[in-house]
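>>> Got a predicted structure here, sequence first:
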Amino acid sequence: MINRNDSTLQIHTHTHGLTHTHTHAATSTIGAVETSVGIPHRHLPPSGEAKKLYSEAIHSRTDKRFKLLIKSKSNPTTEAIKTVVKTNINPTAMKVGVKSFKSLKYGRALTETGTSEEATLLGSSIRDKCGNDLEVTAPKLRNPRMVIHNVTQDINVEETIMTQNPELGL
């Protein structure tokens, strides 16, 4: 049973034949849900602030990364590739920011940099210093393939896709 006054909230519970009374200060705020006894508070965003779409929130976090694939000519383990690269290449001396250095399947490693110039500089340095042991390639982007069904013959699909997506630069 719940009793409300202007300043207090009393909750009466019955367990195993005993009556327990909990008294809480009652607060009322606009835009928030006040709760009691172990339930977290939920606050709504300010009314003057516009809501962001999920795609807008995610878009601001992504940054472009330029990748290099490194493959060993002799030793198929990724640990051997990492040790060879780390002992022979010093990215701080070249002023190259390496964002990640990952192991891949089939004896390959992947490095990611922030700019294409850093990726080409790092790739040429690895080719110069470790060319006998390692192969460095930049992965090529593939063109996406689409199947569009139920389109009439009088519509030019290629032209429509190009005009609706100017950011693709087609």
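All right, it came through fine.
>>> From now on I want contacts and neighbour counts done on CA atoms only, so please keep to that.
Fine.
>>> wait, what's in contact with residue 103?
Residue 103 sits next to 78, 79, 109, 110 when contact means CA atoms under 8 Å, 6 or more residues apart in numbering.
>>> What about those, which are in helices?
Among the contacts of residue 103, the members falling in helices are 78, 79 (criterion: DSSP state H).
>>> Take the contacts of residue 103 and write them to JSON lines, including distance to residue 169 and neighbour count.
Formatted as JSON lines, these follow (distance: CA to CA, whole Å; neighbours: other CA atoms under 10 Å):
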{"residue": "78", "distance to residue 169": "37", "neighbour count": "21"}
{"residue": "79", "distance to residue 169": "40", "neighbour count": "14"}
{"residue": "109", "distance to residue 169": "31", "neighbour count": "21"}
{"residue": "110", "distance to residue 169": "28", "neighbour count": "20"}
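>>> out of the contacts of residue 103, which one sits closest to residue 94?
Taking CA to CA as the measure, residue 94 sits nearest to residue 110 out of those, at 18.6 Å.
>>> Report the beta-bridge partner residues of the closest one.
Beta-bridge pairing for residue 110 (DSSP bridges): residue 69, residue 102.
>>> Give me the local confidence score for it.
At residue 110, the model reports a pLDDT of 93.
>>> Lowest-scoring secondary structure element of the chain by mean pLDDT?
Every helix and strand in the chain was compared by mean pLDDT, DSSP states H and E; the lowest is strand 32-33, with a mean of 46.
>>> of the contacts of residue 103, closest to residue 167?
Checking the contacts of residue 103 against residue 167 with CA to CA, the nearest one is residue 110 at 27.5 Å.
>>> OK, contacts around that closest one?
67, 68, 69, 70, 100, 101, 102, 103, 104.
>>> Over to residue 137?
The contact partners of residue 137, taken as CA under 8 Å, 6+ apart, are 68, 69, 70, 123.
>>> quick check, nearest of the residues you listed to residue 169?
Distances from residue 169 to the contacts of residue 137, taken by CA to CA, are shortest for residue 68, at 24.1 Å.
>>> contacting residues around the closest one?
110, 111, 112, 119, 123, 136, 137, 138, 139.
>>> what about the fourth one, which SS state?
Following DSSP: H, G, I helix; E, B strand; the rest coil, we place residue 119 in the helix state.
>>> And the closest residue to it other than its chain neighbours, what's its pLDDT?
Distances taken as CA to CA, 6 or more residues apart in numbering place residue 113 nearest to residue 119, at 5.9 Å, with adjacent residues excluded. Per-residue pLDDT puts residue 113 at 90.
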